[in-house]
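S.K.: predicted model and sequence below, questions to follow.
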Amino acid sequence: MSDLQATDDLFFSRFELDQNKVQASVTDALNGADDGELFLEYRQSESLTFDDGRLKGASFDTAQGFGLRCVAGEASGYSHAATLDQAALDRAGATVKAVHQGHSGIMADGPRGTNKSLYVDDNPINLVPFEKKVELLEQIDAYLRAKDPRVKQASASILGSWQAVRIIRADGSQAADIRPLVRLNVSVVVGSGDRMESGSHGMGGRISYEDYLKPENWMPACDEALRQALVNLDSIPAPAGEMPVVLGPGWPGILLHEAIGHGLEGDFNRKKTSAFAGLLGQRIAAPGVTVVDDGTLADRRGSITIDDEGTPSQRTVLIEDGILKGYMQDRMNSRLMGVAATGNGRRQSYAHMPLPRMTNTYMMNGDKDPKEILASVKRGLYAVNFGGGQVDITSGKFVFSCTEAYMIENGKIGAPVKGATLIGNGPDCLTKVKMIGNDMQLDPGIGTCGKDGQGVPVGVGQPTLLIDPLTVGGTDI
């Protein structure tokens, strides 16, 4: 059964909407506009949190609604409602018409085609009983506490959602997607004497909870969180100053996502507020640097069969061998820039307009052995995990905090350090990539990207990288 067929009952029979009347309302509201669509959404979500040896919180939520968008030139009108009924849709249509009054646009052709299914349609919330989820969290808590006497606190959470979307356009074309999403988080606090440190690990994707019920999957997540905490327990103050920095594979790609990825989104470049605006075809990175955004990876957290405008997701090459090749585009910015949409029009929910957003963004492999990269550094920093960060899209300047990092001394990994931050400029950083590893990894499925108040699930990744030099902020001067 296609996702269109699967959502027929969900959006029309259940809410007693007449599909012909809905189509007529959309066509009438958007007549004379350049673009627009009706976005229907139904979502179930849940969250369970286990802390201090007991279930601390459990929530379940069901939400449904629609958003009707009308685009005329660079102007957009948007009306949304947390209900699915004809009267609300008619009111929304009357509202958005104001955007194209006096405008004689020709409606852009709708997206055609879709990807093969990238993930299952099953609702993960319904597949596993509530009791089984609580039992999983209890097992995680008991395992961590029994693993090491220095464990002072353990907590775990499991989150799941099931989202069905349907996009209806003025020309009668429709597209639909059913998106499961789960995530498991584990954190632990360890103590020795007066010192306390923490570690955490998470994993997730567009899969079922069932994978996480298996000890061979959740135990390694616990081991990793505990390993990080114990490493931090022995850490020394981080140095400060300019030095070579080696970034580990996988999750450190979040620096690439924030410091570079946002600057390659279409809206910032159309408005010329990105540091990369107007540089297509020019060298912006060191040779060997190839960065792609790929929404078509099976089961990945950032993947989408279609974007939230109905465009099939795709693999978009952003930087190839250091040359800027393209931007991530939604429909409006691609039309105004005279290029094709890339399937990157995403929104948090029916209450939000789509924006050009990343899916799974990562740097491709190079040809260096990670050991060779480390061996090339006489004194520097090896950054393995990151916490929060800030970036200025216009200038590209960024600051990121390391949650796990080590000194590199004479080509070998040395003492763990605490309090290290990486400070730099995204465009400048790309030109300082000196060595690229052959060990590209994607993150374990934990990324959420914020933009204009909207959050969407994303993926990141990269191989081991040497950036020389980069400014390190620390407390040991």
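M.R.: Received, thanks.
S.K.: any idea how this structure splits into domains?
M.R.: Domain ranges of the chain: 3-233, 237-473, per automatic domain parsing.
S.K.: which residues touch Asp234?
M.R.: Applying Cβ atoms under 8 Å, 6 or more residues apart in numbering, we find Asp234 in contact with Ala415, Pro416. The C-beta positions use only the backbone N, C-alpha and C, and glycine is treated the same way.
S.K.: let me fix that, I meant to ask about Ala275.
M.R.: Ala275 makes contacts with Gly263, Ile393, Thr394, Ser395, Gly396, Asn425, Gly426, Pro427, as judged by Cβ under 8 Å, 6+ apart.
S.K.: rerun at 7 Å
M.R.: Shown in contact with Ala275 (Cβ atoms under 7 Å, 6 or more residues apart in numbering): Gly263, Thr394, Ser395, Gly396, Gly426, Pro427.
S.K.: what's the mean pLDDT across stretch 318-330?
M.R.: Mean pLDDT, stretch 318-330: 97.
S.K.: centre of the chain to that stretch, how far?
M.R.: 18 Å (Cα atoms, centre = their mean, to the nearest Å).
S.K.: show me where pLDDT drops low in the stretch 151-300 of the chain?
M.R.: Along the stretch 151-300 of the chain, no part satisfies pLDDT under 70.
S.K.: now the helices for it?
M.R.: 215-233, 253-256, 266-270 (DSSP state H, counting those that start in this stretch).
S.K.: most tightly surrounded among those?
M.R.: helix 253-256 (a mean of 26; mean count of other Cβ atoms under 10 Å).
S.K.: quick one: the helices in the stretch 1-150 of the chain?
M.R.: Applying DSSP H, counting those that start in this stretch to the stretch 1-150 of the chain gives helices spanning 3-8, 19-30, 86-96, 124-127, 130-147.
S.K.: and the ones you listed, which one is worst for confidence?
M.R.: Ranked by mean pLDDT, the helices of the stretch 1-150 of the chain bottom out at helix 3-8, which scores a mean of 84.
S.K.: gap between Val128 and Ala94?
M.R.: Distance, Val128 to Ala94, using Cβ to Cβ, to the nearest Å: 44 Å.
S.K.: give me the more crowded residue out of those two.
M.R.: Val128 (18 against 13; other Cβ atoms under 10 Å).
S.K.: for Val472, which non-adjacent residue is spatially closest?
M.R.: In space, and not counting its chain neighbours, Val472 is closest to Leu381: 5.4 Å by Cβ to Cβ, 6 or more residues apart in numbering.
S.K.: adjacent strands (with direction) for the helix or strand hosting the one you found?
M.R.: Using DSSP states H and E, Leu381 sits in strand 379-391. In the sheet, strand 379-391 lines up against strand 241-247 (parallel), strand 397-409 (antiparallel) (DSSP bridges).
S.K.: that older thread, pick the most deeply packed of the domains of the chain.
M.R.: domain 237-473 (a mean of 21).
S.K.: okay, how far is it across that one, tip to tip?
M.R.: Terminal residues of domain 237-473 lie 11 Å apart, using Cα to Cα, to the nearest Å.
S.K.: so how far is it from its chain's centroid?
M.R.: 11 Å.
S.K.: what of stretch 2-10?
M.R.: Distance, centroid of stretch 2-10 to centroid of chain: 26 Å (Cα atoms, centre = their mean).
S.K.: next: stretch 115-128.
M.R.: Stretch 115-128 sits 19 Å away from the centroid of its parent chain (Cα atoms, centre = their mean).
S.K.: ok, residues contacting that stretch?
M.R.: Here stretch 115-128 has contacts from 3, 6, 44, 46, 160, 162, 178, 180, 182, 206, 208-210, 213, 296, 298-299, 303, 305, 312-313, using Cβ under 7 Å, 6+ apart.
S.K.: quick one on the thing from earlier: got JSON lines for the helices of the stretch 151-300 of the chain, with distance to Leu55 too?
M.R.: Formatted as JSON lines, the helices of the stretch 151-300 of the chain follow (distance: least, Cβ to Cβ, whole Å):
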{"stretch": "helix 215-233", "distance to Leu55": "17"}
{"stretch": "helix 253-256", "distance to Leu55": "30"}
{"stretch": "helix 266-270", "distance to Leu55": "42"}
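S.K.: and of those helices, who's closest to Ile319?
M.R.: Ranking the helices of the stretch 151-300 of the chain by proximity to Ile319 (Cβ to Cβ) places helix 253-256 first, at 10.2 Å.
S.K.: mind giving me the packing neighbours of that closest one?
M.R.: strand 360-363, strand 454-462 (3 or more Cβ pairs under 7 Å, 6 or more residues apart in numbering; DSSP states H and E).
S.K.: kindly reformat the ones you listed as a markdown table containing mean pLDDT and distance to Gly199.
M.R.: Output for these, formatted as a markdown table (pLDDT from 0 to 100; distance: least, Cβ to Cβ, whole Å):
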| stretch | mean pLDDT | distance to Gly199 |
| --- | --- | --- |
| strand 360-363 | 98 | 24 |
| strand 454-462 | 97 | 20 |
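S.K.: tabulate the ones you listed (a markdown table), appending distance to Gly387.
M.R.: Below are those laid out as a markdown table (distance: least, Cβ to Cβ, whole Å):
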| stretch | distance to Gly387 |
| --- | --- |
| strand 360-363 | 19 |
| strand 454-462 | 14 |
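S.K.: which one of those lies closest to Pro354?
M.R.: strand 454-462 (9.3 Å).
S.K.: who does that closest one pair up with?
M.R.: With DSSP bridges as the test, strand 454-462 pairs up with strand 360-363 (parallel), strand 441-442 (antiparallel), strand 447-451 (antiparallel).
S.K.: hmm, back to that, which of the helices of the stretch 151-300 of the chain sits closest to Val289?
M.R.: Nearest to Val289, of all those, is helix 253-256, at 9.8 Å by Cβ to Cβ.
S.K.: I figured Gln23 hits Gly172, correct?
M.R.: Yes: between Gln23 and Gly172 there is a contact at 6.2 Å, judged by Cβ atoms under 7 Å.
S.K.: okay, and the beta partners of the closest residue to Thr471 other than its chain neighbours?
M.R.: The shortest distance from Thr471 to any non-neighbouring residue, by Cβ to Cβ, 6+ apart, is to Ile423 (4.3 Å). Assessed by DSSP bridges, Ile423 has beta-bridge partners Val399, Thr471.
S.K.: relative to Ile168, how far out is Lys271?
M.R.: Separation of Lys271 from Ile168 (Cβ to Cβ): 29 Å.
S.K.: follow-up on the earlier one: out of the helices and strands packed on helix 253-256, which gets nearest to Arg331?
M.R.: With Cβ to Cβ as the criterion, Arg331 lies closest to strand 454-462 of the helices and strands packed on helix 253-256, at 16.6 Å.
S.K.: mind listing residues that contact that closest one?
M.R.: 181, 247, 249-254, 256-257, 300-302, 346-348, 352, 355, 357-363, 440-443, 445, 447-449.
S.K.: try it again at 8 Å.
M.R.: For strand 454-462, the external contacting residues (Cβ under 8 Å, 6+ apart) are 181, 247, 249-254, 256-257, 297, 300-303, 346-348, 352, 355, 357-363, 440-443, 445, 447-449.
S.K.: what's the answer for stretch 9-21, then?
M.R.: Asp8, Val22, Leu40, Tyr42, Gln64, Leu84, Asp85, Gln86, Ala164, Arg166.
S.K.: which residues touch stretch 379-388?
M.R.: So stretch 379-388 is contacted by 228, 238-239, 243-248, 251-252, 254-255, 374, 400-410, 413, 417, 420, 422, 468, 472 (Cβ under 8 Å, 6+ apart).
S.K.: done for today, thanks.
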